[in-house]
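>>> With the sequence up front, the predicted model follows.
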Amino acid sequence: MDYFDVLGKNFFLNPNPSNSEIDLLKEAMCFKYPIDYFAFISSHNGGEGELGEGYLALWSIKDMIETNSIQKTGMPEFYDKYWIFGSNSGVFQYVFDKKNGLIIEIDPYEENHKVVIGETFQDFITDFKNKV
């Protein structure tokens, strides 16, 4: 898939990650996740920008590993269930449910806000882009 076309001209993709970064991510993501997400992150190592009417930040491999590792020590009950991979640079964060691989929008300040966005990375991008 050509993410330049899907994400649009106001979304800026990072350069490809190194092979060692990809290996670190494979080791860290030892749970079910959407295969198309791994294809994306292996090619572009995240990115950010306007998407639809919102702003989306897809974290780099380094940022994901650091954040998920550091935060797990402070909130293990949350980080045992979820892997954060991005945010809207506001309140919402985007996570993989480690049990079933679903992509979920969460509000870290409101425990009951959990919205399933999709089963694939493409579902997630389409849903985010089409929100009004």
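Structure received. Numbering: from 1, shown residues only.

>>> From the chain's centroid, how far away is the longest strand along the chain?
In the chain, with assignment by DSSP state E, the single longest strand is strand 110-118. Here strand 110-118 is found 14 Å from its chain centre; the criterion is Cα atoms, centre = their mean, to the nearest Å.

>>> Can you name every helix or strand that the helix or strand following that strand contacts?
Next along the chain after strand 110-118, taking DSSP states H and E as the criterion, comes helix 121-130. When contacts are defined as 3 or more Cβ pairs under 8 Å, 6 or more residues apart in numbering; DSSP states H and E, helix 121-130 packs onto helix 3-7, helix 35-44, strand 47-51, strand 103-107, strand 110-118. For the C-beta atoms, the positions are set from N, CA and C on the backbone; glycine is no exception.

>>> Restricting to C-alpha, output the longest strand of the chain in CSV.
Coordinates of each C-alpha in strand 110-118 appear next as CSV, following Å, rounded to 0.1, in the frame of the first residue of the first chain:
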residue,chain,number,x,y,z
GLU,A,110,-11.2,8.8,31.4
GLU,A,111,-11.0,5.1,32.1
ASN,A,112,-14.3,4.3,30.5
HIS,A,113,-13.5,5.8,27.1
LYS,A,114,-12.4,2.9,24.9
VAL,A,115,-13.6,3.0,21.3
VAL,A,116,-12.7,0.2,18.9
ILE,A,117,-11.5,1.7,15.7
GLY,A,118,-10.6,-1.3,13.6
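
>>> And it, what does it pack against?
By 3+ Cβ pairs under 8 Å, 6+ apart, strand 110-118 packs against strand 103-107, helix 121-130.

>>> Would you mark the buried spots in the top helix by length along the chain?
Counting by DSSP state H, the longest helix found in the chain is helix 61-74. Residues 61, 63-65, 67-68 are the ones in helix 61-74 that count as buried (16 or more other Cβ atoms under 10 Å).
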